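>>> fold the following, please.
(chains A and B)
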Amino acid sequence: MNRSALLLRSTALGAATLVLAGCATFSPDGGFDSVQTLTKERIGKNTRWVKSDADKAGVVAAIAPLLAKPLSVEDAVTVALMNNQGLQASYAELGISEANLVQAGRIRNPVFSFGRLTRGGEIELERSLMLPVMSLLTMPVATRIERRSFEQAQLRAAGEALRLADDTRRTYFSAVAAQEHAVYMEQVKLAAEAAAELARRMAVAGNFSKLDHAREQAFYADVLVQLARARQTSTEQRERLTRLMGLSAAALVQLPNRLPDLPTAPREVQALEAGAMQNRLDVIMARRELSGLASSLGLTKATRFVNLLDISYLRNSFNESPNRESGYEIELQIPLFDWGGARVARAEAMYMQAVQRASETAVNARSEVREAYSAYRTTYDIARHYRDEIVPLKKRISDEQLLRYNGMLISVFELLADSRSQVLSVNASIEAQRDFWMAESALQMAQTGRAAAPAAASKAPSAVAEPAGH
Amino acid sequence: MVSRRDFFGGAGAVALSAGLVSRVGAASLPEAPQMDKAATRPPLSPPNGRPYNPVVTLNGWTLPWRMNNGVKEFHLVAEPVVRELAPGMKAHLWGYNGQSPGPTIEVVEGDRVRLFVTNKLPEHTSVHWHGQRLPAGMDGVTGLTQPGIKPGKTFVYEFIAKRPGTFMYHPHADEMTQMAMGMMGFWVTHPKDVNAHRVDRDFCFLLNAYDIEPGSATPKTATMTDFNLWTFNSRVFPGIDSMVCGLNDRVRIRVGNLTMTNHPIHLHGHEFVVAGTDGGWTNPASRWPEVTTDIAVGQMRAIEFDATEPGDWAFHCHKSHHTMNAMGHDVPTLIGVDHRGIAEKINKLVPDYMVMGDKGGSMGDMEMPLPENTLPMMTGTGPFGGMEMGGMFTTVKVRKGQARGDYKDPGWYKHPAGTVAYEWQGGQADLPAAQQSPGTAAAAPKPGEKVLKVRKGSGHGSH
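Numbers count the residues shown, from 1 in each chain, chains lettered A, B, ... in the order given. Okay, the predicted model is just below:
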């Protein structure tokens, strides 16, 4: 191998880096613009990096009108992107990463050392000026690594923003559904209460046995527990949403009374997987990582023997003349025992590892996006089935039951039991609708960021055990 | 052969279909007339054969026949039918010749009768001539006396109507199903002597019962006892026609019971005698007066009375749940239960809910929507308001001047002044002068007659 050529190349590399080093200054946006763009391209929303009190005031002013009215899911995401402290912390990562990048792009300060030694009457002054040539040589590598790391930090920050948006959306739908559920449980409670009270009065009038009375009473007691649970779930979801939106009090959130309607038709997504390959941040990150490692591998191959090349400017002073000596010291490793093969193998292995990881990411991304789309379609179909079939059928059953009550064919207790079951089917319908919106969000996430937790259709709550009609 | 048009010449527009089962295979079969109305048809005066005094089938009709070399030939077609149980409700039943129950068969004692029975049902059937004396092989018991009549097949029954009296016909094949679906009919064998047991009005009908789920139309054939529609000739009040009589007419009502329970049949305003049973005419000396007679399962009774009291007289089964239509049997009693506050609560969930039953079972004048093809539980409106009746209920309308042979409903009875129960307003002055009971004056003690004083009992010890 032509060593001088290698050396030359390395030096040229170093020189080029010197020029580059001049560019490695702090960007005016701290790398945030790129995060902003990545986020905006994917979810169409701006995020903000709050760095000062003025920024904070701006956020407060921006979110105030959004909180003044019943919150839409888009507004919830907007607030979270501006106001979530965890997200701000990940933006701070960006600053740290950029600082590292700038640091890597700067030549280390020359070190001047001065030594004064006395030996009897002999004084030895030792001065040396050490220029960090080594860092010059390593700078291209370091800068590239740091730049990559900075880019990764940007992608990560954008990923955090997407994840936060997704979390917020899902929690929002959960919270609205839980609130609706609690409202409907109130109605179930009302029906059970009416039945229990009627049963009590019937017992008082001598028309009902203690057994029948107790049965109605027991059902009512059960319903109270379910109502308490429903309310608790509603509170939990609301608090989660409050946290994601970075708000100080849950009371600041006004949720609408119902979930958004189902879209008239489910989205037909073309080139779903190809889109995910283009847009998914984890895929992009994996791709960048790979190209970074590829160049590292090339470098390692090129510099396997000059790894420990050390050039320093030496200037020793002596108090005897010639009292000055100066020169270069270059240390070269002699590839006698170690031909650097292990290092190359290691770099190659690392590269191959990254290749596998990247392809795994791609495979997973494709699968996840398919799975998310399937969940999206399934939850849509289920929610629509609830809306168009089950709930109207239950309504029809209730109407028919009322007709039977009119004809004294069934009792008021059966009528009440039926109205409870109708309410429960409405509840199940709400849950199906919520699952759809969550799956919708998950699909968005699977196409842009990283797949969220699987958006499996939750089990519909089975109807509460009903007491037999009387 | 006499055409059907001749039979019904006086009966107005009666829709009858051509009714021939198969013109190719059945060229020699008598026609099988069809009936598509559930109204009472006027009596069918015999156009040929021996004379007799025809009966009136309540909400039914009599099957025309043809004479074939001295043999009376009838053609019954067993088939699915739609029977109106009352205006507003139609039942999907099985019957004969377009209706359920099938047409009444009227013959005269000694007639040779040939009955063609064509099966258009999806399963085999047979006809048992309930109460007749006939050759065992004509008795219509599937498996025992004959094979079942397969769908599409026609069987012939032939025998001499030996004994005068009241009879029925019904399948003796898959009975539980076929009777629950309405397969049955009436049979009257008139006496050879046209003047024997002669009456002015001779009504007949069957008692039957169905279990038709509110909102549906086909009976549940697996029901054993808990039927919800109790019917006279597959009709429920207010769908049952009145039995219209002239004042002082001698009236006979023949009732056959093909339900699975007994029915105490009760007539208001008159006493009657049971003049005929399953076994034939009862000895006049053995008849005793009744106002109610229990008709057991599978029995026939002919009751007779003189319609001496003008008015609209209730005639019904005395089992009170047989005089209302479908009602839930698991409905708890709400009488005396305070509904304040609860109704409002229920209204929030069921906006059209209305409190019912807290003051009793009467629905008053409430008109509320019901499941389709379902009759109100207790209904029928009379001149004084809601009658709150359904099922086995009708009236015997006795009118002065009702022409012989006129069965047209004369409308509600116009009560003479002072003969209707009225509200007590207090005070004596308003009371009309008491009418002397007939015979009171005659029974009054004549001058000098010793008057017996009734001595009241002085306690239980003296009993």
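>>> any idea of the pLDDT on the closest residue to residue A:449 other than its chain neighbours?
Distance criterion Cβ to Cβ, 6 or more residues apart in numbering or on different chains; nearest residue to residue A:449, sequence neighbours excluded, is residue A:162 at 3.7 Å. Glycine gets a C-beta too; all of them are placed from N, C-alpha and C. What the model reports as pLDDT for residue A:162 is 91.
>>> in which helix or strand does residue A:162 reside?
Here residue A:162 sits within helix A:133-204, counting by DSSP states H and E.
>>> cool, residue A:443 as well?
Per DSSP H and E, residue A:443 falls inside helix A:412-448.
>>> and that helix, what other elements does it pack with?
With contacts defined as 3 or more Cβ pairs under 8 Å, 6 or more residues apart in numbering or on different chains; DSSP states H and E, the packing partners of helix A:412-448 are helix A:32-43, helix A:133-204, helix A:272-279, helix A:341-385, helix A:391-406, helix B:342-349.
>>> switch the cut-off to 10 Å
Packing contacts for helix A:412-448, counted by 3 or more Cβ pairs under 10 Å, 6 or more residues apart in numbering or on different chains; DSSP states H and E, involve helix A:32-43, helix A:73-83, helix A:133-204, helix A:210-244, helix A:272-279, helix A:341-385, helix A:391-406, helix B:342-349.
>>> where along the stretch 351-463 of chain B do the strands fall?
With DSSP state E, counting those that start in this stretch as the criterion, the stretch 351-463 of chain B has strands at B:379-382, B:385-389, B:393-399.
>>> if I take the last one and strand B:385-389, what angle do their directions form?
On the basis of axes from the mean of the first three to the mean of the last three Cα atoms, to 10 degrees, strand B:393-399 is oriented at 130 degrees to strand B:385-389.
>>> and strand B:393-399, which strands flank it?
The strands that strand B:393-399 pairs with in its sheet are strand B:243-246 (parallel), strand B:311-317 (antiparallel) (by DSSP bridges).
>>> go through those strands and name the closest to residue B:203.
Among the strands paired with strand B:393-399, the nearest to residue B:203 by Cβ to Cβ is strand B:243-246 (5.1 Å).
>>> what comes into contact with the closest one?
Contacts to strand B:243-246, defined as Cβ atoms under 10 Å, 6 or more residues apart in numbering or on different chains, come from residues B:40, B:56, B:58, B:200-201, B:203, B:205, B:251, B:253, B:267, B:305-307, B:310, B:313, B:315, B:394-410.
>>> following element in sequence after that strand, please.
strand B:250-257.
>>> parallel or antiparallel, which strands does that next one pair with?
strand B:201-210 (parallel), strand B:300-306 (antiparallel).
>>> and the following helix or strand past the first one, is it in reach of chain A?
Using DSSP H and E, the helix or strand that directly follows strand B:201-210 along the chain is strand B:229-232. No: on the criterion Cβ under 10 Å from any Cβ of the partner chain, strand B:229-232 is out of touch with chain A, staying 12.6 Å away.
>>> from what I can see residue A:243 touches residue A:87, true?
No: if you go by Cβ atoms under 10 Å, residue A:243 and residue A:87 don't touch, sitting 12.0 Å apart.
>>> which of those two has more neighbours?
Per other Cβ atoms under 10 Å in any protein chain shown, whichever of residue A:243 and residue A:87 has more neighbours is residue A:87, with 24 against 17.
>>> now for that one: which residues touch it?
Residues in contact with residue A:87, defined by Cβ under 10 Å, 6+ apart, are A:47-50, A:80-81, A:157, A:160-161, A:163-165, A:244, A:246.
>>> among these, who's most crowded?
residue A:165 (31 neighbours).
>>> what's the closest of the helices and strands packed on helix A:412-448 to residue B:185?
Taking the helices and strands packed on helix A:412-448 one by one with Cβ to Cβ, helix A:391-406 is closest: 33.6 Å.
>>> which helices and strands does the closest one pack with?
So helix A:391-406, by 3+ Cβ pairs under 10 Å, 6+ apart, packs with helix A:412-448.
>>> gap between the helix it packs on and the chain center?
Offset of helix A:412-448 from its chain centre (Cα atoms, centre = their mean, to the nearest Å): 26 Å.
>>> residue boundaries of the helices in chain B?
With helices called from DSSP state H, chain B shows them at B:4-7, B:175-180, B:342-349, B:440-443.
>>> which residues are in contact with the third one?
It refers to helix B:342-349. By Cβ under 10 Å, 6+ apart, the list of residues contacting helix B:342-349 from outside reads A:187-188, A:190-191, A:193-198, A:200-201, A:398, A:412, A:415-416, A:418-420, A:422-423, B:339, B:353-355, B:358.
>>> do that again at 7 Å, thanks
By Cβ atoms under 7 Å, 6 or more residues apart in numbering or on different chains, the surrounding residues in contact with helix B:342-349 are A:187, A:190-191, A:193-194, A:197-198, A:416, A:419, B:353, B:355.
>>> next one: the second one
Contacts of helix B:175-180 with the rest of the structure, by Cβ under 7 Å, 6+ apart, involve B:94, B:125, B:170-171, B:219, B:221, B:223, B:258.
>>> hmm, 8 Å instead?
Taking contacts as Cβ atoms under 8 Å, 6 or more residues apart in numbering or on different chains, the residues outside helix B:175-180 that touch it are B:94, B:121, B:123, B:125, B:170-171, B:208, B:210-211, B:219-223, B:258.
>>> of the residues you listed, keep whichever come out buried.
Among those, those buried by neighbour count (16 or more other Cβ atoms under 10 Å in any protein chain shown) are B:94, B:121, B:123, B:125, B:170-171, B:208, B:210-211, B:219, B:223, B:258.
>>> dump those into CSV; add distance to residue A:378 and pLDDT as well.
Output for those, formatted as CSV (distance: Cβ to Cβ, whole Å; pLDDT from 0 to 100):
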residue, distance to residue A:378, pLDDT
B:94, 48, 97
B:121, 48, 97
B:123, 46, 97
B:125, 53, 97
B:170, 57, 97
B:171, 54, 97
B:208, 54, 96
B:210, 47, 97
B:211, 44, 95
B:219, 44, 96
B:223, 44, 92
B:258, 57, 96
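>>> nearest to chain A among those?
residue B:211 (12.8 Å; Cβ to the nearest Cβ).
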